[in-house]
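Q: Sequence first, predicted model second:
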Amino acid sequence: MTAIDISNATKRYGAETALDGLDLTVQRGEIYGFLGPNGAGKSTTINLLLDFIRPTEGEVSVFGLDAREDTLEIRTRTGILPEGVETYDRLTGRKHVEFAIDSKGADDDPDALLERVGIADAADKKAGGYSKGMSQRLMFATALVGEPDLLILDEPSTGLDPNGAREMREIIREENARGATVFFSSHILGQVEAICDRVGILRERELVAEDTVDGLRDSMPEQTRLRVQVDRIPEDSSAALETIESVDGVSEVSADGTTLVVTCEDRAKTSVLRTIEQQGVSIEDFATDESSLEDLFMAYTSDNRTEVTQ
Ligand SMILES: Nc1ncnc2c1ncn2[C@@H]1O[C@H](COP(=O)(O)OP(=O)(O)OP(=O)(O)O)[C@@H](O)[C@H]1O
C-alpha cells in the first residue's frame with residue numbers, strides 16, 4: 001500500500017520550472033529520505049502533497065487520496081514540520097501545541113508532547129524568547145499532534161545541536177514503530193543515512209537516484225578524496241580551482257592553506273595531479289582518504305558526476 005504516489009508531476013512558474021516530471025512512490029511504514037541541494041525542488045514537492053500549490057501537470061496522491069480533492073483529510077492525517085520555523089512570538093509553547101490540537105480535533109496532552117520534545121520547562125514561556133533549537137522542537141511537537149499517519153519533515157534538524165538531532169531521530173523512530181510513514185527532506189546526506197530506509201536524490205528538479213544508502217553506494221563509481229600538498233597557492237587561485245574542478249570525474253575541490261582537497265572518481269586521480277601541476281605549482285606530497293557519504297551526495301548532484309543507470 002502506498003503512502004505517497006507522485007506521477008509525472010511538473011510545476012512551472014512562468015518560464016521557471018520548479019519540478020520536472022517527478023515520479024516518486026513512498027510505501028506505508030517507510031522512512032524516506034528526500035535529498036537534494038538548494039533549489040532542487042524539495043519544498044515544491046512537499047507543497048504539492050499538501051495542496052499548498054498545484055502541479056502544472058501530473059497526479060499527486062497521499063494514502064490513495066487525491067491531493068486536490070481530499071486535501072482536508074490528507075492534512076488531518078499528516079503532521080508537518082515546515083522548513084523555516086515560524087512561531088508566534090507572543091504565544092507560549094503550550095498555546096502553540098493547544099492550537100494544533102484544536103485545529104486537528106485531537107485529544108493529545110500538550111504537556112506530554114512538550115516533554116517528549118524536551119522543552120517542558122519552557123511550556124509557559126513566550127515563543128519569542130525561544131532559541132532556534134527550542135522553536136524547532138516546538139514545531140516538531142505540533143507536527144506530532146494527533147498521531148499522524150504521515151510525518152513530513154522539511155530540513156528537521158535545522159537549528160538543533162547534535163544531541164537535539166539525535167533526540168529527534170529517536171522520536172522519528174518511535175513514530176515509525178507506531179506505524180507512521182516518514183518523509184524526511186534534507187540537503188545533508190549524513191543526517192538521513194542513520195534513519196532512512198530509502199533515499200531519493202533530487203537534482204535540478206528531477207529524481208536522479210533512488211535506493212537504500214548502501215544500494216546508492218554500490219551503484220556509484222568508487223570515490224576518493226585526494227589531499228595534495230603543493231608548494232604554494234597558484235596566483236589566480238579561484239581560476240586554478242575551477243580548472244581542477246572541470247576535470248572529468250571530479251565532484252568537488254577546495255583549498256586549505258597549501259593543501260588542495262579534491263573529491264573525484266578513482267579513475268580521475270592521475271588527471272587531477274597532472275592538472276594541478278599545470279597550474280604552475282609543485283606537488284610536495286599527496287594522500288587519499290576513503291570517500292564519505294557527503295562525497296557520494298556531491299557526486300550525484302555536481303555537474304561532473306558520472307551518469308548512473310539504475
Ligand atoms: N513561487 C515560485 N516562483 C518561481 N520560482 C519558484 C517558486 N518556488 C520555487 N521556485 C523555483 O523552483 C526551484 C525549486 O525550489 P524549491 O524551493 O522546491 O527547492 P528546494 O529543493 O526546497 O530548495 P531548498 O533546499 O533551498 O529549500 C528553485 O529554482 C526555485 O527558485
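A: Cool, got the structure.

Q: which residues touch stretch 262-277?
A: Stretch 262-277 is contacted from outside by 221-226, 228, 230, 243-244, 247-253, 260, 283, 286, 288, 291, 295, 298-299, 306, using CB atoms under 8 Å, 6 or more residues apart in numbering. C-beta: built from backbone N, CA, C; applies to glycine.

Q: Show me what from the stretch 51-200 of the chain comes close to the ligand.
A: Within the stretch 51-200 of the chain, the positions adjacent to the ligand are 83, 187 by CB under 6 Å from any ligand atom.

Q: run the last query once more with 5 Å
A: Residues of the stretch 51-200 of the chain lying near the ligand by CB under 5 Å from any ligand atom: none.

Q: what about the strands in the stretch 51-200 of the chain?
A: Applying DSSP state E, counting those that start in this stretch to the stretch 51-200 of the chain gives strands spanning 57-62, 65-66, 78-81, 150-154, 181-186, 198-203.

Q: would you turn the ones you listed into TSV with mean neighbour count and mean pLDDT?
A: TSV is the format used below for the strands of the stretch 51-200 of the chain (neighbours: other CB atoms under 10 Å; pLDDT from 0 to 100):
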stretch	mean neighbour count	mean pLDDT
strand 57-62	19	96
strand 65-66	14	96
strand 78-81	22	96
strand 150-154	22	96
strand 181-186	24	93
strand 198-203	23	89
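
Q: so how far is residue 248 from residue 185?
A: According to CB to CB, to the nearest Å, residue 185 stands 31 Å off from residue 248.

Q: Confirm for me that residue 130 is in contact with residue 123.
A: No: if you go by CB atoms under 8 Å, residue 130 and residue 123 don't touch, sitting 11.2 Å apart.

Q: overlap in contacts of those two?
A: residue 93.

Q: so when I look at residue 26, I'm seeing a strand, right?
A: Yes: when classified by DSSP: H, G, I helix; E, B strand; the rest coil, residue 26 is found to be part of a strand.

Q: what residue ranges in the stretch 51-200 of the chain score low on pLDDT?
A: Scanning the stretch 51-200 of the chain for pLDDT under 70 picks out the ranges 189.

Q: where along it do the helices fall?
A: For the stretch 51-200 of the chain, the helices defined by DSSP state H, counting those that start in this stretch cover 71-77, 93-104, 110-116, 132-144, 162-177, 189-193.

Q: Fine, thanks again, bye for now.
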